[in-house]
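Novice: Predicted model follows, preceded by the sequence.
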Amino acid sequence: MDCRVTSTKRRQHGATLSEVLFGIGIGVLVLSVFTAFVLFQGRSLMVLLNMADMDQANRNTVDRMSREIRQVNKVLACTTNSIDFEDTDKGTLTYRYSAGARTLSRIKGNDTTILLREVTALNFALMQRNIVEGEYAYYPADTIEEAKVIGMTWEVSRSVMGRRTGVSGFQTVRIVIRKA
C-alpha cells in the first residue's frame, strides 16, 4: 500500500470575528443579569437585617420604659416630646425625644442614657385609667393629676443603600402607672 498526501491544504480551526463578538455579547448579558440579581438580593438582605435590628431595639426600649414607668409615683410634666416623672426615690426621671439628634433619651439625675437611635417621630400622651365604653381606648387626661396611663408612639427608620426604610419602625405603647 502506498500512502500519499492527496491534499496539501490544511483545515483552519477557530472562530470568526462575528462569532467572537456574539459570544462576548452573550457573556456580558449573563453577567449583567447575575450582577443585578446579586445587588437586589444584597439590598433585600440588608433591609431584613435592619428590620430585625430596629425591632430588637424597639422591644428593648419598650421593656425598659414600661418596667420603669410602672413603678413611678406620678407624672410631673409632659409635652409631646418629653415627659417627667417622680421616681420611687423622689427624684426626677425624664424621657426626652430630640428631633435634631433623632434620639430618645432617659435622664435620671446627672446620668443620661440614649435608649433609641434613628427616631424620626415620637409623641407622648397622658390618659386616664377609664376605658372608653365598647373600645380598648383610654380617655385623654385633662390634668397631670388624672394621668394614670402613658401613651407613646414613635417611628424608627434607617437608610439602606441610599433609600430610607421605615418598615419595622412604628411602635405604639400604653403603660399603666401602678402606684398612681
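Specialist: Looks like it came in fine. Numbers count the residues shown, from 1 in each chain.

Novice: Report the central residue of this structure.
Specialist: For the chain, Met54 is the residue whose C-alpha lies nearest the centre (Cα atoms, centre = their mean; 3.6 Å).

Novice: Shouldn't that residue be within a helix?
Specialist: Yes: assigned with DSSP: H, G, I helix; E, B strand; the rest coil, Met54 falls within a helix.

Novice: Now do stretch 101-110, average pLDDT.
Specialist: If you average the pLDDT over stretch 101-110, you get 93.

Novice: same question, stretch 71-84
Specialist: Stretch 71-84 comes out at a mean pLDDT of 92.

Novice: what's that stretch in contact with?
Specialist: Residues from elsewhere that reach stretch 71-84 (Cβ atoms under 8 Å, 6 or more residues apart in numbering): 85-88, 90, 92-99, 122-124, 126, 144-145, 147, 150, 177-180. Where C-beta positions appear, they are placed from N, C-alpha and C, glycine not excepted.

Novice: how about that stretch: buried residues?
Specialist: Buried residues in stretch 71-84, defined by neighbour count with 16 or more other Cβ atoms under 10 Å: 72, 75, 78, 82-84.

Novice: Closest one to Glu118 out of those, please.
Specialist: Ser82 (18.7 Å; Cβ to Cβ).

Novice: roughly how far apart are the closest one and Leu39?
Specialist: Distance, Ser82 to Leu39, by Cβ to Cβ, to the nearest Å: 42 Å.

Novice: show me where the chain has strands.
Specialist: Ranges of strands in the chain, per DSSP state E, are 74-78, 82-86, 92-98, 103-108, 111-117, 119-131, 138-140, 149-156, 158-160, 163-165, 171-176.

Novice: Direction included, what does the first one pair against?
Specialist: Right, strand 74-78. Sheet neighbours of strand 74-78, with direction, are listed as strand 82-86 (antiparallel) (DSSP bridges).
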